[in-house]
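J.: Structure of the sequence below:
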Amino acid sequence: LIAGSGSNVEFRLDTLSVAALDGHAAASGEVAWWPAITWDLTIAADSLAPAPVLPEPEEWPGRISLRGQSAGGMSEEGTIELTAAIDTIYGELRGESLDGRFEARVAGPEIELSAARIAWGPARVEASGDAGEALDLAFDAEVPDLGLLLPGASGSFTADGRASGPRTTPRITANLEAEEIVTDAASASSVSGDVDVDLAGPLQAELLALGVGVAGRDLDSVRVGLTGRRADHQLRISASGPRAELALEASGGLDEAGRWAGTLDTLALRADTIGAWALEAPAALAVGPGVEFEELCLRSDPARICAGGASDDTGLRLDASIDSLRLERFAPLMPEGYEVEAGIDAVIDLDQEAQGPVKGTIDLRTTAGSLALPRSDEGGTLLLRVEPIVFALTSADSGSVGEVDLVLTDSAGAALVRVEGEIDSPFALYQ
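T.: This next block holds a predicted model:
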């Protein structure tokens, strides 16, 4: 609905009303286009439902309303000058009241944010300062209940900081404190961090998390550190706990296109489920878009696992090998009552163009070994002998060919399972 009156140089807008997000928005005021483009408008929105435009809409019930004004104009050179103010933002979102205001002034490329504040239940976010070609913008946030932002999560955090300098290469300083964080992916009793990142100068960031739980592991601490400059910096990650430890060091740089290229210098990990592994030698690594890495080898004597390859929108390449890996080292991962003893060697060489078949070879072989299974009917353990297993496959445009050889015998040597033969398929892998 639109109603108003005017002339060939101006228009008086009595009302403009449109339906939006299950509510409605309205505007009124004056617009002129001679001798220059100018406007002076009052705007309002009532009972907007934001859920449809948010992820997981069912998690975001509520309605939002606002009132505000905007006045300004455009010069002959195309420079815009305006003031905009949202005097009040109010409503309810996910059962918590919403209240806020926003006020800004624009003069060409310069933007002055006089006030921006939003309070949502016990949470609040505030920002003010200059957000034009030269930044001088301060922000402050306090969220006593993380579940407001992440449904199902809990904990609290506070953050404050400032962005300054050229808009294209700003310096950002920030401090973060969080307590009793619990999400679906991880938890931490406390998290603290300081960031001082100058995209045209030095970088420095430190993050410390205590009492961490992730992937079923309890860690005493996780520490992340970053030092250097955008084009040449060092990353350090360490984690320690009663059942696992990790140490990682990488060095490299970020180019103007946002691609990081460098070297994985150190990687050492220990876990009671897989033992202790360490990087044999530094390996080249690049990230964005996609991932590319040269041969990266982890050793845990006598075992050795190596991989190299790339993955991006154009396809996938993977070259990997496994040497002298004893399966019994993974006993803690086996279901209760199951035991396996055997060695495994493998060579994998695969390529895939975008949306095409996977081509290459897989060659997997084991030593003779044994497999212990719990007897479900009469109790005790069933012990099976495993003859050396062979699985070899070559995949090409014309199809897949290979061989398989698997024999399981009882303690007396009688064959219980025997799979022997050749593979000849007209289809390539994942075709």
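J.: what residues does stretch 142-162 touch?
T.: 56, 59, 94, 96, 120-125, 129, 136-141, 172-184, 191, 195 (CB atoms under 8 Å, 6 or more residues apart in numbering). The C-beta positions use only the backbone N, C-alpha and C, and glycine is treated the same way.
J.: In ChimeraX, how would I select the buried members of those residues?
T.: The command below creates a ChimeraX selection of those among the contacts of stretch 142-162 that count as buried (16 or more other CB atoms under 10 Å):
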select :94,120,121,123,124,125,129,136,137,139,141,172,173,174,176,178,181,182,191,195
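J.: Give me the subset of the contacts of stretch 142-162 lying in strands.
T.: 96, 120, 123-125, 129, 136-141, 172-182, 191, 195 (DSSP state E).
J.: mind listing the strands for the stretch 1-150 of the chain?
T.: Assigned by DSSP state E, counting those that start in this stretch, the strands in the stretch 1-150 of the chain fall at 2-6, 10-20, 23-32, 37-48, 62-74, 80-93, 96-107, 110-120, 123-131, 134-143.
J.: Do me a favour and average the pLDDT over the fourth one.
T.: Spelled out, that is strand 37-48. For strand 37-48, the mean per-residue pLDDT is 92.
J.: Let me know the angle separating it from strand 10-20.
T.: 20 degrees (axes from the mean of the first three to the mean of the last three CA atoms, to 10 degrees).
J.: What about residue 53, how many residues nearby?
T.: Using other CB atoms under 10 Å, residue 53 is surrounded by 10 other residues.
J.: Show me what residue 28 is bridged to.
T.: Beta bridges link residue 28 to residue 42 when assigned by DSSP bridges.
J.: now it: how far from residue 12?
T.: 9 Å (CB to CB, to the nearest Å).
J.: Repeat that for residue 150.
T.: Residue 150 is 47 Å from residue 12, by CB to CB.
J.: Spatially nearest residue to residue 292 (excluding sequence neighbours)?
T.: Excluding the flanking residues, the one nearest residue 292 by CB to CB, 6 or more residues apart in numbering is residue 310, at 4.0 Å.
J.: Okay, and the one you found sits in which element?
T.: strand 303-312 (DSSP states H and E).
J.: Now do that strand, average pLDDT.
T.: pLDDT averaged over strand 303-312 gives 95.
J.: Pull the contacting residues for residue 274.
T.: Going by CB under 8 Å, 6+ apart, residue 274 touches 300, 329-330, 333.
J.: So which of the residues you listed sit within strands?
T.: Taking DSSP E as the definition of strands, these contribute residue 300.
J.: all strands in the stretch 251-400 of the chain, in order from the N-terminus.
T.: Along the stretch 251-400 of the chain, the segments classed as strands by DSSP E, counting those that start in this stretch run 260-271, 275-279, 283-287, 291-300, 303-312, 315-326, 339-341, 343-353, 358-366, 369-374, 381-386, 390-396, 399-409.
J.: Quick one: those as a markdown table, columns for mean neighbour count too.
T.: Below are those laid out as a markdown table (neighbours: other CB atoms under 10 Å):
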| stretch | mean neighbour count |
| --- | --- |
| strand 260-271 | 17 |
| strand 275-279 | 15 |
| strand 283-287 | 16 |
| strand 291-300 | 16 |
| strand 303-312 | 17 |
| strand 315-326 | 16 |
| strand 339-341 | 16 |
| strand 343-353 | 17 |
| strand 358-366 | 17 |
| strand 369-374 | 15 |
| strand 381-386 | 15 |
| strand 390-396 | 17 |
| strand 399-409 | 16 |
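J.: In a markdown table, list those strands along with distance to residue 49.
T.: Formatted as a markdown table, the strands of the stretch 251-400 of the chain follow (distance: least, CB to CB, whole Å):
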| stretch | distance to residue 49 |
| --- | --- |
| strand 260-271 | 40 |
| strand 275-279 | 52 |
| strand 283-287 | 39 |
| strand 291-300 | 40 |
| strand 303-312 | 39 |
| strand 315-326 | 42 |
| strand 339-341 | 56 |
| strand 343-353 | 44 |
| strand 358-366 | 46 |
| strand 369-374 | 55 |
| strand 381-386 | 61 |
| strand 390-396 | 51 |
| strand 399-409 | 53 |
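J.: Hmm, residue 327 is touching residue 369, no?
T.: Yes: at 7.4 Å, residue 327 counts as touching residue 369 under the criterion of CB atoms under 8 Å.
J.: list residues touching both of the two?
T.: By CB under 8 Å, 6+ apart, the residues touching both residue 327 and residue 369 are 340-343.
J.: Among those, which one sits closest to residue 83?
T.: Residue 83 has its nearest neighbour among the shared contacts of residue 327 and residue 369 in residue 340, at 72.8 Å by CB to CB.
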